[in-house]
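> I'd like to go over a predicted model; first the sequence, then the structure.
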Amino acid sequence: MFGDFDYKVILASLPYLFGTGMVFTVTLTALAASGGIVLGTIIAMMRLSGVAFLVPIARIYVDFMRSLPLVLVIFWFYFLVPYIGQWITGASRPISVGAFTSALITFTLFEAAFFSEIMRAGIQSIPRGQTSAAQALGLNYVQTMKSVILPQAFRNMLPLLLTQTIVLFQDTSLVYVISLTDFMGAASKVAQRDGRLVEMYIFAALVYLAICFSASFLVRRLQRRVAIIR
Amino acid sequence: MNYNWNWGIFFEPSPEGVGTYADMLLSGLGWTLATALCSWIIAFSLGSLIGVMRTMPSPVAQAVGTSYVELFRNIPLLVQMFLWFYVLPEMVPEVIGTWLKQLPNASFYTAVICLGFFTASRVAEQVRAGIQSLPRGQRAAAIALGLNTWQTYRYVLLPIAYRVILPPMTSEFLNNLKNTSVALTIGLLELTARARSMQEFSSQVFESFTAATIIYLLISLTVVMLAGALERRVAVPGSR
Amino acid sequence: MIAIDGVGKWYGPVQVLKGCTTQVSKGEVVVVCGPSGSGKSTLIKTVNALEPFQEGAISVDGIALKDKRTDLPKLRARVGMVFQHFELFPHLSITDNLTLAQCKVLKRPREEARTRGLKLLERVGLSAHAQKFPGQLSGGQQQRVAIARALSMDPIVMLFDEPTSALDPEMVGEVLDVMVQLAREGMTMMCVTHEMGFARKVANRVIFMDRGEIVEDAQKEEFFGQPRSPRAQQFLSKILAH
């Protein structure tokens, strides 16, 4: 069973797995999470704005994204982005934007739907009195949001935002379907090249487990601290 | 945009020899639904069990429940899919391994088991949260009446908890359904896989993905409606 | 009926019960009072082993709780308990609340359990509500159903854990009336409550607790006459001042 388990394959491929694969995974996660949180916050504010045409747009966007499998969305953007690029730049042919950009756009737009639900809950969890107090002090809508509501909502929701980022970190492995070399893609390329599927997939699983488990452990500690401060 | 739209493509024969592209997508839908429903049965029963264990007084039960959830939640679904499909047959005695590899529809069975175990960890968290959201006195009252642990869960805690968590469980059901698409990586010919191969054969990218998108949206709408009906049916009079 | 002997309990390093010793005889009504956080609710919950304790011994009807051979569910079925927040099961109708434990624990046939339950419901004056759900009743009504639910198990003793403190003031009376009636019929009762009027009316003894200790354990007349401990005097003067 483990008799012919070949550790050397793993050792030999470490630089490739981490230097190429993990760097890709972490970069994609960090950029998509930042973009997703910013866009998600904007969508959440649209949803709560009470403005007649903004509310349904935000709602439909969120419901739409949340109804589709991520794999399908990855395919969509992989093929759609070049056409959009062509449309924006007015080029004569669909422009090639590179698989990384395409993946980044996909994950940012997709995760924004999930982050927006978290931020919406966060904004709604701030007592109405806070808005009234800010307005009574003469702050306008943007100032109220920027200096009073969003900082509190963001802090309260930080654990959930980070948990969602861990989910995103795991989800980035799905770029496998468009043959990108993230951590999992790198592992699977080595696995197939050397015919060492057992070693490489178990190793990949353990690395993900270690990272995600430690990260969620830290998030739980943070959550307790946030809960106490509140 | 210089793209050649052709919405008639669905009624053209597929390269598989039998049926049209529309038939191809529908067969994908069939596999998606079959995989989603079968894995949900595992996810619901196993997840309930694990969730209950995490709320039991016994530290051993709690530890088992927690380990399960942490293990299955912290490994990407794609990786789990590969572990079940490529690694498991190598880890069991050779006879069983060979049998597993030669099983017809192996990717379907693998997807069902993998999704079942994966979603169970998420169902477990909902069940645990549901039980823990109940006033502590409910358990005390049941015990004070002389109900044993099994009866306390069976007649008091779970019936209330399931009602509380019905909305998040609906989301988990839909997540499970959407996650069936990950099984295309192990060769399951579900809806997304079918849309992808239709795109490859016909080069009509947007028509195929639009069709798949609409089908997924319709499924979501149906499930949400059914869940709403179920929620009204099991609603307890007098509760908000 | 109930013998509590040197019971001590800790939550981690915090001691919440210290050397509590008292007993309740058959037919006796004992009121336990004291400031909040004094451990009175914890003490009453140790009597049917809802709260574990680390030191001392408790026996109910001669059966020791700590004994490994004691069948706790069986013992609890004979000890009725009424909670501060009623704890009716919200997903079950009033009738089902009254019959669930009779059927599952005492294995009574459904019809018999139903008849017994409805009889007790009539006794607490709520027959008209048998088909309703807990959420459709007022707090006072829910607590009366909870008392009927406990009685449906034919308990040998009833424990009350602040049964009226979660109620709106106008509903306290209807619950106390049921309790007074029960006491007059000779039920053995241990009640944690601040209702001194109730204590005066039906209690045989009053126990006063503070900081996890039983400070005063006296006959009713003695307690309301001149309590010996200054802490009990202080508590009484506060609670009777208004």
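Structure's in. What do you need?
> Show the contacting residues for the closest residue to residue C:109 other than its chain neighbours.
Once flanking residues are discounted, residue C:109 sits nearest to residue C:103: 7.9 Å by Cβ to Cβ, 6 or more residues apart in numbering or on different chains. Yep, even glycine has a C-beta here, placed from its N, CA and C like the rest. Contact analysis of residue C:103 by Cβ atoms under 8 Å, 6 or more residues apart in numbering or on different chains lists C:109-110, C:113.
> repeat that for 10 Å
Residues near residue C:103 by Cβ atoms under 10 Å, 6 or more residues apart in numbering or on different chains: B:155, C:96, C:109-110, C:112-114.
> now residue C:26
With Cβ under 10 Å, 6+ apart, residue C:26 has these contacts: C:1-2, C:61, C:156-157, C:186-188.
> Pipe the contacts of residue C:103 into JSON lines and attach neighbour count, pLDDT and distance to residue B:161 per row.
Converted to JSON lines, the contacts of residue C:103 look like this (neighbours: other Cβ atoms under 10 Å in any protein chain shown; pLDDT from 0 to 100; distance: Cβ to Cβ, whole Å):
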{"residue": "B:155", "neighbour count": "19", "pLDDT": "95", "distance to residue B:161": "12"}
{"residue": "C:96", "neighbour count": "18", "pLDDT": "94", "distance to residue B:161": "17"}
{"residue": "C:109", "neighbour count": "10", "pLDDT": "95", "distance to residue B:161": "29"}
{"residue": "C:110", "neighbour count": "10", "pLDDT": "94", "distance to residue B:161": "25"}
{"residue": "C:112", "neighbour count": "13", "pLDDT": "95", "distance to residue B:161": "30"}
{"residue": "C:113", "neighbour count": "22", "pLDDT": "95", "distance to residue B:161": "25"}
{"residue": "C:114", "neighbour count": "18", "pLDDT": "96", "distance to residue B:161": "27"}
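> Which among the contacts of residue C:26 count as buried?
C:1-2, C:156-157, C:187-188 (16 or more other Cβ atoms under 10 Å in any protein chain shown).
> Mind checking which of these are in strands?
C:2, C:157 (DSSP state E).
> Of the buried ones among the contacts of residue C:26, which pair is most distant in space?
Largest separation among the buried ones among the contacts of residue C:26 by Cβ to Cβ: C:2 and C:187, giving 13.1 Å.
> Pull up the overlap in contacts between those two.
C:26, C:28, C:156-157.
> in the worst-scoring helix or strand of chain B on mean pLDDT, what counts as buried?
Taking mean pLDDT, DSSP states H and E as the measure, chain B has helix B:94-102 as its least confident helix or strand, at a mean of 87. Residues of helix B:94-102 classed as buried: residue B:100 (neighbour count, 16+ other Cβ under 10 Å).
> And for stretch C:71-83?
For stretch C:71-83, the buried set under the neighbour-count rule, 16+ other Cβ under 10 Å, comprises C:72-73, C:75-83.
> Residue 46: which element?
All of this is about chain A. Assigning secondary structure by DSSP states H and E places residue A:46 in helix A:23-48.
> hmm, I had chain C in mind actually
helix C:40-47.
> other SSEs contacting that helix?
strand C:2-11, strand C:14-24, strand C:29-33, strand C:55-60, strand C:79-82, strand C:157-161, strand C:189-192, strand C:205-210 (3 or more Cβ pairs under 10 Å, 6 or more residues apart in numbering or on different chains; DSSP states H and E).
> Single out the most deeply packed of those strands.
strand C:79-82 (a mean of 27; mean count of other Cβ atoms under 10 Å in any protein chain shown).
> Can you give the strand pairings for that strand, parallel or anti for each?
When sheet partners are counted by DSSP bridges, strand C:79-82 sits next to strand C:157-161 (parallel).
> can I get the shared contacts of residue C:2 and residue C:187 in TSV with pLDDT and distance to residue A:206?
Below are the shared contacts of residue C:2 and residue C:187 laid out as TSV (pLDDT from 0 to 100; distance: Cβ to Cβ, whole Å):
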residue	pLDDT	distance to residue A:206
C:26	94	65
C:28	95	65
C:156	94	59
C:157	95	57
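> and those residues, which two are the farthest apart?
Taking Cβ to Cβ, the two most distant members of the shared contacts of residue C:2 and residue C:187 are C:28 and C:156; they sit 12.4 Å apart.
> Please enumerate the shared neighbours of the two.
Taking Cβ under 10 Å, 6+ apart as the criterion, residue C:28 and residue C:156 both touch C:1-2, C:187-188.
> Can you sort out which of the residues you listed also neighbour chain B?
Applying Cβ under 10 Å from any Cβ of the partner chain to these, one finds that nothing falls near chain B.
> Among those, which one sits closest to chain B?
Chain B has its nearest neighbour among those in residue C:2, at 14.8 Å by Cβ to the nearest Cβ.
> OK, contacts around that closest one?
Contacts for residue C:2 were tallied using Cβ under 10 Å, 6+ apart; they are C:22-26, C:28, C:30, C:44, C:47-48, C:58-61, C:79, C:156-157, C:159, C:188, C:190.
> ok, which stretches of chain B are helices?
Taking DSSP state H, the helices of chain B run over residues B:21-54, B:59-73, B:77-82, B:88-91, B:94-102, B:106-133, B:136-144, B:149-151, B:158-164, B:166-179, B:191-202, B:205-234.
> Could I get the ones you listed in CSV, plus columns for distance to residue A:113?
Listed next are the helices of chain B as CSV, based on distance: least, Cβ to Cβ, whole Å:
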stretch, distance to residue A:113
helix B:21-54, 21
helix B:59-73, 21
helix B:77-82, 19
helix B:88-91, 34
helix B:94-102, 38
helix B:106-133, 18
helix B:136-144, 36
helix B:149-151, 41
helix B:158-164, 25
helix B:166-179, 13
helix B:191-202, 18
helix B:205-234, 13
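> now for those, which one comes closest to chain C?
The nearest among the helices of chain B, by Cβ to the nearest Cβ, is helix B:136-144 at 3.5 Å.
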